[in-house]
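Chemist: Predicted model follows, preceded by the sequence.
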Amino acid sequence: MALALTVGCYVVVSAVVRTTALDRAAFPSDAAKISSPWDGKVPFLSEVLSPFKSELESNHALIVALQAIEAGRKKPTTVQSAQYTDAIRRVRQTLSISPYNPELWLALALLQAQRDPHDPIVFEALKMAYFTAPNDTRFVPVRLDVAGRFDLLADPDIKDLARNDIRLIMTRRPELKPAIVSAFRRASDRGKAFLQDAVQSIEPAFVPMLRG
């Protein structure tokens, strides 16, 4: 009887989840064009449904984060808004139950960097984005962009991690070279110097391409 009741509850909750869940969002590969696939209000699932479908709340938290990042890019003053603060809170809360999600760590790094690039959370979130998906090339373009644009390369660990990304591109994934060029053009002076030095050490002939 107890088992039947449990199964019945699970079926009901699963049906509710299916009706409220949004389509799976993918983290954009171009940091200059980050946008959300959904522009409406995003249902909040974690408090009630996370024991059953925590991955869905991770997806919803990512969509909320992408909405906030896009809004902050288009109108920088929104990074101080309550909606932006809620996006950061939602991502952090979801990471507390899904700590191995590289997309959410990368989203948190971007959210916090747009508000305050010197906040320690930015450094730690970007490191976690690396540590949870070190060889996933889907995230390489945005990782390099964030590291170079917000002067996160002052941190020795991030510097080494970014250098590994560049080595991966130059030696094994040459089709991603445009990501280095894009990161260079958006980078701070420190970021530009680092990217040029890293490329120079591997493929000097590619250096002129950075400046176009």
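Modeler: Received the coordinates, thanks.
Chemist: Enumerate every residue touching the residue most central in space within the chain.
Modeler: Centroid-nearest residue in the chain, with CA atoms, centre = their mean: residue 106, separated by 2.5 Å. Shown in contact with residue 106 (CB atoms under 8 Å, 6 or more residues apart in numbering): 27, 125-126, 129, 139, 142-143, 146. (C-beta placed from N, C-alpha, C; glycine too.)
Chemist: Try it again at 7 Å.
Modeler: 27, 129, 139, 142-143 (CB atoms under 7 Å, 6 or more residues apart in numbering).
Chemist: can you check residue 122 too?
Modeler: With contacts defined as CB under 7 Å, 6+ apart, residue 122 is in contact with 109, 112-113, 150, 152.
Chemist: Looking at pLDDT only, which of these scores worst?
Modeler: Across these, the smallest pLDDT goes to residue 150, namely 93.
Chemist: Was I right to think that one contacts residue 115?
Modeler: No - counting by CB atoms under 7 Å, residue 150 stays clear of residue 115, with 11.0 Å between them.
Chemist: Which one of those two is surrounded by more residues?
Modeler: Using other CB atoms under 10 Å as the criterion, residue 150 and residue 115 rank with residue 150 on top: 25 against 19.
Chemist: Helix or strand next in line after the lengthiest helix in the chain, which one?
Modeler: The helix that spans the most residues within the chain, counting by DSSP state H, is helix 46-74. Going down the chain from helix 46-74, the next helix or strand is helix 82-97, by DSSP states H and E.
Chemist: And the contacts of that following helix?
Modeler: 46, 50, 54, 57-58, 61, 64-65, 68, 72, 78, 101, 104-105, 107-108, 111-112.
Chemist: and what of stretch 174-181?
Modeler: Stretch 174-181 is contacted by residues 137, 140-141, 144, 166, 169, 195, 199, 206, 209-210 when judged by CB under 7 Å, 6+ apart.
Chemist: Model confidence for the closest residue to residue 55 other than its chain neighbours, exactly?
Modeler: Nearest non-adjacent residue to residue 55, counting by CB to CB, 6 or more residues apart in numbering: residue 98, 7.3 Å away. For residue 98, the pLDDT comes out at 90.
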